[in-house]
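Chemist: okay, predicted coordinates and the sequence, questions at the end:
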Amino acid sequence: MAYPASTLSPVIQPTDLTTFKSRGIGMVGRDLQQKIQEMHSEYRKLVDEFNWNKLVYESRFSFEPVIGHTYHLYMDAAGFFLSMIEPARWKKRFIASLQLGFNGRWILKECDPSFHLEDYLMGGSSDEAEEVA
């Protein structure tokens with residue numbers, strides 16, 4: 001029996017589980033913290049991908065992009081526009097080079113290091129637009 005059957009039976013002392021519990025809590029905590037960081041990183045990538053796609057689709061362009069081709073996003077006083085002309089061959093304000101994927105998603109290939117998408121989205125675009133004008 002797992003418990004004393006009479007009052008004369010020896011006292012059963014439960015095993016001290018403090019070490020087991022603290023070790024388990026530590027392992028689970030580290031595991032879950034790592035998983036949360038991975039999920040946060042993946043979330044940030046998805047948000048960035050969404051924002052780049054939104055920016056490109058809201059830009060001006062007067063041609064139908066071809067899947068698999070790389071196009072270049074520029075900025076002028078009127079806003080953003082997409083072009084086939086490479087940055088080295090044109091003196092416009094280069095923002096990024098993107099490739100159209102088969103699923104309609106734009107894949108970022110290169111970005112001007114001075115352009116920060118998050119700053120633009122937070123309202124920093126007015127200063128950049130004034131610089132171009």
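Modeler: That came through fine.
Chemist: right, and the helix or strand after the helix or strand hosting Asp31?
Modeler: Using DSSP states H and E, Asp31 sits within helix 18-57. On the C-terminal side of helix 18-57, the closest following helix or strand by DSSP H and E is strand 70-76.
Chemist: packing partners of that next one?
Modeler: Strand 70-76 sits against strand 79-83, strand 93-100, helix 125-132, with contacts defined as 3 or more C-beta pairs under 8 Å, 6 or more residues apart in numbering; DSSP states H and E. Using the backbone N, CA and C atoms, a C-beta is placed for each residue, glycine as well.
Chemist: give me the beta-bridge partners of the closest residue to Ser83 other than its chain neighbours?
Modeler: In space, and not counting its chain neighbours, Ser83 is closest to His72: 5.3 Å by C-beta to C-beta, 6 or more residues apart in numbering. Counting by DSSP bridges, His72 forms beta bridges with Ser83, Ser97.
Chemist: His72 touches Gln99, doesn't it?
Modeler: No: checked against C-beta atoms under 8 Å, the pair His72 and Gln99 is beyond contact range at 10.6 Å.
Chemist: who has more neighbours, these two?
Modeler: His72 (21 against 15; other C-beta atoms under 10 Å).
Chemist: so where's this structure shaky on pLDDT?
Modeler: Applying pLDDT under 70 to the chain flags the ranges 1-4, 124-133.
Chemist: rewinding a little: distance check, the residue nearest to Ser83 against Asp16.
Modeler: 67 Å (C-beta to C-beta, to the nearest Å).
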